[in-house]
Structure formats: structure tokens, C-alpha cells
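**Q** here is my input; please provide its structure:
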Amino acid sequence: MAEDIEVLRYPIGKVKLPEDYSSELVRQNIRTISELPKKLIAEVGRLKDDQIETPYRPEGWTVLQTVHHIFDSHANAYMRFKLALTEDNPTIKPYKEALWAELADSKNAPAEWSLQLIDLLHKRWVIVLQSMTDAEWQRTFYHPDMKKDMALYKIAALYDWHSRHHLAHIVNLKERMGW
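**A** Predicted coordinates for the structure are as follows:
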């Protein structure tokens, strides 16, 4: 049973960040980030209220909370990119994502709102990502919880994974439920 929960938690596996910069990998990361809004809208857009309130795993977030989490997380990532591109190794502000998912907006706001925000956010974010030079991908920010500098090429890979990870939660739930 624990193994099944682990598969439900990490349907595409745990994140593996690249050791070295690769322009080819970065292009793939940008493509994934660019395509996420359309894929999310296709998977979530027609769900009924009871479906959107279904957790993707036991003791996990509902589809609604997951969609709102994606916006919260990706908005933070976008800002962190901009900080790292305009400041010398800035210290970012971590946030407690599990607590954010319990706030009223994450539990009650329509999914459509975050789907629209994700779509618009990703349009702007992709403009920034596509404009970056090889040297800019090497820029860093300091993550105080991890106690280390994080290069932007690694963060792009993280958000490629994050996009696919949460999309898989929703797709797998729909398949298991026969929706």
C-alpha cells in the first residue's frame, strides 16, 4: 500500500535536477512550461464540482487545490527568475505551500481563475525564458531553506518537472475515476 501511495504522490518519479547547463535541455524545459496552460485547461476545464473537489490521492490535495497551487508556485518561480536576472544572487523568500493550499482562495476560488492566471503568467514567463542568454541561465539565487545557491537552468528543469508532476496527478486521477 505504501508503494501505491508513493506512485500516487510521484507519478512521474521524484525530481532529478541536471548537473550541468544544456541549451537543449533548457529549450525542452521552456517548451514544457509553455504548453502547461493549454494541457491544464484541457484536463480541468470540463470537470464537475464534485470531481474538482476530489483529492488526487488519499490525504492529498483536491484538483482545485492543485490548480491553485500550480499558480502560486509558478508565480513565485517567475518572480525568482526576475530577481536572479536583475540582482546578484538574491536571497529568495520561501513560502509554506501546504499552508497556502489550506487558505480560503485555494479551497474556494473557481479553478478557472487560476487557469486563466497560469495561462497569462506562462505567456510572460516564457518571454523571459526565451530571451535568456547562456550566461543568464547560470545566474543564481540563494534558497535559505535549502541553504544553497540555485542556478536558473536548474530551476527551469525543476518547473518542467513540477508542471508534468501535477498534470500527471490530475490525468491519473481522471483515468482511475473513469472521467
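
**Q** Q130 contacts I30, correct?
**A** Yes - between Q130 and I30 there is a contact at 6.2 Å, judged by C-beta atoms under 8 Å. C-betas here are computed from N, CA, C, even on glycine.

**Q** what about those two, which has more around it?
**A** Remark: of Q130 and I30, I30 carries more neighbours, 19 against 11, as counted by other C-beta atoms under 10 Å.

**Q** ok, now which ones touch the more buried one?
**A** Shown in contact with I30 (C-beta atoms under 8 Å, 6 or more residues apart in numbering): V126, L129, Q130, A156.

**Q** one more pass at 10 Å, please.
**A** Going by C-beta atoms under 10 Å, 6 or more residues apart in numbering, I30 touches W125, V126, V128, L129, Q130, M132, A156, Y159, D160.

**Q** what's the distance between it and K123?
**A** Distance, I30 to K123, using C-beta to C-beta, to the nearest Å: 12 Å.

**Q** repeat for R176
**A** 32 Å.

**Q** list the buried ones in the longest helix seen in the chain?
**A** Determined from DSSP state H, the single longest helix within the chain is helix 152-177. Judged by neighbour count using 16 or more other C-beta atoms under 10 Å, the buried positions of helix 152-177 are 152-174.

**Q** give the other helices and strands that that helix contacts.
**A** Helices and strands touching helix 152-177, by 3 or more C-beta pairs under 10 Å, 6 or more residues apart in numbering; DSSP states H and E, are helix 2-9, helix 23-44, helix 49-52, helix 63-86, helix 111-131, helix 134-137, strand 140-143.

**Q** between the fifth one and helix 23-44, how many degrees?
**A** Using axes from the mean of the first three to the mean of the last three C-alpha atoms, to 10 degrees, the interaxial angle of helix 111-131 with respect to helix 23-44 works out to 170 degrees.

**Q** against which helices or strands is helix 111-131 packed?
**A** Checked by 3+ C-beta pairs under 10 Å, 6+ apart, helix 111-131 has helix 23-44, helix 63-86, helix 104-108, helix 134-137, helix 152-177 packed alongside it.

**Q** in that helix, what counts as buried?
**A** Buried, per 16+ other C-beta under 10 Å, within helix 111-131: A111, S114, L115, L117, I118, L121, H122, W125, V126, L129.

**Q** can I get the residues you listed in CSV including distance to A98 and pLDDT?
**A** As requested, those are exported to CSV (distance: C-beta to C-beta, whole Å; pLDDT from 0 to 100):
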residue, distance to A98, pLDDT
A111, 19, 98
S114, 17, 98
L115, 22, 98
L117, 20, 98
I118, 20, 98
L121, 21, 98
H122, 23, 98
W125, 24, 98
V126, 28, 98
L129, 27, 98
